[in-house]
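Novice: This is the structure alone, sequence omitted:
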């Protein structure tokens, strides 16, 4: 408790939210436009719900305009308590282009324009004042609208909406991506959902009728601009397992990282995940079994990058902490060499979130402290300071069990464990380790290829463990094999059909 109090002083808690969410029964309808990332559709609604949970809001009603075709529409309607809540969601979400307030909708443009007249005037009036600036944008999902069609749609809007302000043109393009520079105070959007067609079938796309159209006012823009800010190509320090900015910020949202929290990555590498947590104000700590990675590198241009690991602290020129300085973020409290199989931490329930991307043998293999030698020699005293302990292979199924045991002991009640898990198409939730103190919240699939998947697993600690309880996997206990076990062998193994064609 004293240790946690120290961490809280280092990062004072965030102020109590001033959002006026109103009675639970009073809601507003909003339209969410997701980024069209095929292969990771299960992240869409899950990320929104995870962010709402940060505000203490659960059970928001959602509707997909084309039920049964979630893989073919980026639009989702959602009921939220207020516009402030919607704007707050957009200020965290990485998988959306924006959140909008629909003023009208319909199967045709005419129906949509007519429905605008039935929308409450008191909701429209504040955004149509004379002293305001505005712009009307047109975005079609599934086809490219020609400029004459865009102008026709915009001109028709003026017959149904009494705009009194001044038009202000900006360089907003491609959905709701905002360019650098000033934008109109009020952004209005025409959205039409045409759907997707076979690649190259331009004629069918152009002739297709939209499934639905919306005329909306922009409420909030998603955080896609962070992907450029934290692009790995611009980062000072990298290693072979550095996580992309998009994946890192998804982890931060599912883990509820925010100001006043203490977040640990026990497989931190170059600290990509911790950077996203620090961006939202969390205090961070990093650990890794490879002391060379967290110690840093020498800037010796004559040596290849993978050989530049510093031989001592005195020769370090760049390391994981350099990335935090690059972005102006609060650096981690510390980087420590730690072993997932033999935790070095002594204080239980000290972390608010544990986030990680455990090694699985493709870019880096999992290791734990140990030796294969039958007889070991004592380390001379003068060599202990720079000694790197030996390691042995560490099966990924064992990594998952130990990780869950670690989370049970060192997470506070209510804290979250969020980690990436490589799997094959044979995966089911029975392949995950379980513990009575942990509950599975989200299991989102990233379909990387037809042969393998990557899943983002989110668990929550609901109580302290009872003596005698342990993490188990029902499938392995029954003699089965989990999809992530020996994953590197499965990853590099060729399909029989491929082998025949060679």
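Specialist: Yep, it's here. If you're wondering where the values come from, they're calculated on a predicted model, not measured in any experiment.
Novice: roughly how far apart are the residue nearest the centre of the chain and residue 272?
Specialist: The residue lying closest to the centre of the chain (CA atoms, centre = their mean) is residue 250, at 0.6 Å. Distance of residue 250 to residue 272, given as CB to CB, to the nearest Å: 12 Å. From N, CA and C alone the C-beta is placed, and that goes for glycine too.
Novice: and the next element down the chain from the strand or helix carrying residue 412?
Specialist: Residue 412 belongs to strand 411-423 when assigned by DSSP states H and E. The element immediately downstream of strand 411-423 (helix or strand, assigned by DSSP H and E) is strand 438-446.
Novice: Just give the strands next to the helix or strand following that next one in its sheet, each with its orientation.
Specialist: The C-terminal neighbour of strand 438-446 among helices and strands, as given by DSSP H and E, is strand 453-461. When pairing is defined by DSSP bridges, strand 453-461 lines up against strand 411-423 (antiparallel), strand 438-446 (antiparallel).
Novice: ok, and the closest non-adjacent residue to residue 62?
Specialist: Nearest-residue entry for residue 62: residue 78, 4.8 Å, with adjacent residues in sequence omitted and distances by CB to CB, 6 or more residues apart in numbering.
Novice: which ones are touching that neighbour?
Specialist: Listed by CB atoms under 8 Å, 6 or more residues apart in numbering, the contact set of residue 78 reads 29, 30, 31, 32, 48, 60, 61, 62, 63.
Novice: Show the buried residues in those residues.
Specialist: Among the contacts of residue 78, those classed as buried by 16 or more other CB atoms under 10 Å are 30, 31, 32, 48, 60.
Novice: Which of these sits closest to residue 404?
Specialist: residue 48 (26.4 Å; CB to CB).
Novice: What values do phi and psi take at that closest one?
Specialist: phi -60, psi -40 (degrees, to the nearest 10).
Novice: Could you check how far it is from residue 332?
Specialist: Residue 48 sits at a distance of 29 Å from residue 332 (criterion: CB to CB).
Novice: Can you get me the start-to-end distance on stretch 268-284?
Specialist: The straight-line separation of the ends of stretch 268-284 (CA to CA, to the nearest Å) is 11 Å.
Novice: sorry, that was for stretch 375-390
Specialist: 13 Å.
Novice: distance between that stretch and the chain's centre?
Specialist: Chain-centre distance of stretch 375-390: 41 Å, with CA atoms, centre = their mean, to the nearest Å.
Novice: Output the strands paired with strand 453-461 as TSV; include the columns distance to residue 108, mean neighbour count and mean pLDDT.
Specialist: Below are the strands paired with strand 453-461 laid out as TSV (distance: least, CB to CB, whole Å; neighbours: other CB atoms under 10 Å; pLDDT from 0 to 100):
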stretch	distance to residue 108	mean neighbour count	mean pLDDT
strand 411-423	44	22	95
strand 438-446	35	18	96
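Novice: what about those, which gets the closest to residue 346?
Specialist: Minimum separation from residue 346 across the strands paired with strand 453-461 (CB to CB) falls at strand 411-423, 15.3 Å.
Novice: Please identify the buried residues of stretch 355-375?
Specialist: 355, 356, 357, 358, 359, 360, 361, 364, 366, 367, 368, 369.
Novice: Check stretch 387-394 too.
Specialist: 391, 394.
Novice: ok, now stretch 127-145?
Specialist: 127, 132-143, 145.
Novice: What separates the first and last residues of that stretch, distance-wise?
Specialist: Using CA to CA, the end-to-end distance of stretch 127-145 comes out at 27 Å.
Novice: how far is it from where the chain is centred?
Specialist: Using CA atoms, centre = their mean, the offset of stretch 127-145 from its chain centre is 29 Å.
Novice: and what of stretch 418-429?
Specialist: Worked out by CA atoms, centre = their mean, stretch 418-429 lies 16 Å from the chain centre.
Novice: what sits up against that stretch?
Specialist: With contacts defined as CB under 8 Å, 6+ apart, stretch 418-429 is touched by 247, 251, 254-255, 353-358, 360, 362, 396, 400, 403, 431-432, 440, 443, 450-459, 483-484, 487, 490-491.
Novice: And the buried residues of stretch 355-375, which is closest to residue 324?
Specialist: Distances from residue 324 to these, taken by CB to CB, are shortest for residue 355, at 15.7 Å.
Novice: got the contact list for that closest one?
Specialist: Residue 355 neighbours (CB under 8 Å, 6+ apart): 251-252, 255, 257, 263-265, 273-274, 277, 417-419.
Novice: among these, which are in helices?
Specialist: Those of the contacts of residue 355 mapping onto helices are 251, 252, 273, 274, 277, per DSSP state H.
Novice: okay, those residues in CSV with neighbour count and pLDDT next?
Specialist: Below are the ones in helices among the contacts of residue 355 laid out as CSV (neighbours: other CB atoms under 10 Å; pLDDT from 0 to 100):
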residue, neighbour count, pLDDT
251, 28, 98
252, 26, 98
273, 30, 97
274, 32, 97
277, 29, 97
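Novice: remind me which residues of the stretch 401-502 of the chain are low pLDDT?
Specialist: 494-502 (pLDDT under 70).
Novice: Name the nearest residue to the residue nearest to the centre of the chain, ignoring sequence neighbours.
Specialist: Nearest residue to residue 250 in three dimensions, chain neighbours excluded: residue 94, at 5.9 Å (CB to CB, 6+ apart).
Novice: Now do stretch 465-475: distance to the chain's middle.
Specialist: Worked out by CA atoms, centre = their mean, stretch 465-475 lies 29 Å from the chain centre.
Novice: Going by neighbour count, list what's buried in it.
Specialist: Of all the residues in stretch 465-475, those buried under the rule 16+ other CB under 10 Å are 465, 471, 473, 475.
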